[in-house]
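Enquirer: Just the structure for this:
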Amino acid sequence: MINNKLLQNWQNAIAALPYRQPLAVLLRHAERQAILPGTVGNDVNLTPQGVDDCQLIAELYKDRNSQFFSSPVRRCIQTAEHLQYNPNKDNIKTTPLLGGPGVFIQCSEKAQHYILENSAITVVDMLLSSEQNLPGFCDDTRDAINRLLAFIMTKSYSKELSFFITHDIILAVLLGYLFPKINLDVLWPNYLDCLFIWKMGDSLMANYRNDCKLIAWPMPC
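Expert: Coordinates of the predicted model:
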């Protein structure tokens, strides 16, 4: 069964969010199969549970006009496919900003060794705390976050709901930046955890697990 707390968070958030206003939903993909040690697992599929979870969530917003942007990695595309109440592959666009390699990596070959040798939370901590990121990663994490948010907001204006399916590290970096007073292990996104973002005047409002944060937009560098 789907995690009851996760489903409740989705239900509460959708009920509380502005209606008939463009909303962006940045989320981690659904439950996947195990990744073999020493690999990045780009070819692993969703589990049957992951598919079921997506379809249950799709019921919550079936009356809203939606579009989907995804990491080109298989499990993210599959998540986008199953989050659609009326499946339509033409309604899914892929972008490397969301994964493969993602907005925080400039060179996959150089960054991959560090990623494989360290935990995901160590990678995120490095991106959030280092004055100079390691070779292969983006030069400036805040600049990369601005680019990601600019992409999300540019693509979100034409639909009621715009889904951006990504990976835990990418979502966790943004969450760690927006909610710096909360420990990363508490913030860490589970499968299908999501960050809702919408415009509020000249700023942005972000909602994660029913915790809201007003964001100056564009964010100062």
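
Enquirer: Verify the stated contact: residue 72 with residue 94.
Expert: Yes - here residue 72 reaches residue 94: they are 4.3 Å apart, a contact under CB atoms under 8 Å. For glycine as for every other residue, the C-beta is placed from the backbone atoms N, C-alpha and C.

Enquirer: Show the contacting residues for the nearest residue to residue 11 once chain neighbours are set aside.
Expert: Distance criterion CB to CB, 6 or more residues apart in numbering; nearest residue to residue 11, sequence neighbours excluded, is residue 60 at 6.3 Å. Contacts for residue 60 were tallied using CB atoms under 8 Å, 6 or more residues apart in numbering; they are 10-11, 14.

Enquirer: can you give me the strands for the chain?
Expert: With DSSP state E as the criterion, the chain has strands at 23-28, 66-70, 92-94, 161-166, 194-200, 203-208, 211-216.

Enquirer: Neighbour count: residue 72 and residue 94, which is higher?
Expert: Taking neighbours as other CB atoms under 10 Å, residue 72 and residue 94 compare with residue 94 leading, 18 against 14.

Enquirer: what sits against the more buried one?
Expert: 69-72, 77.

Enquirer: do the same with residue 110
Expert: Shown in contact with residue 110 (CB under 8 Å, 6+ apart): 135-136.

Enquirer: start at 30 instead
Expert: Okay, residue one is now 30; in that scheme the one you just asked about reads as residue 139.

Enquirer: pLDDT score for it?
Expert: Predicted confidence (pLDDT) at residue 139: the value is 93.

Enquirer: got it, and residue 241?
Expert: Per-residue pLDDT puts residue 241 at 88.

Enquirer: pretty sure it is in contact with residue 229, am I right?
Expert: No - counting by CB under 8 Å, residue 241 stays clear of residue 229, with 10.0 Å between them.
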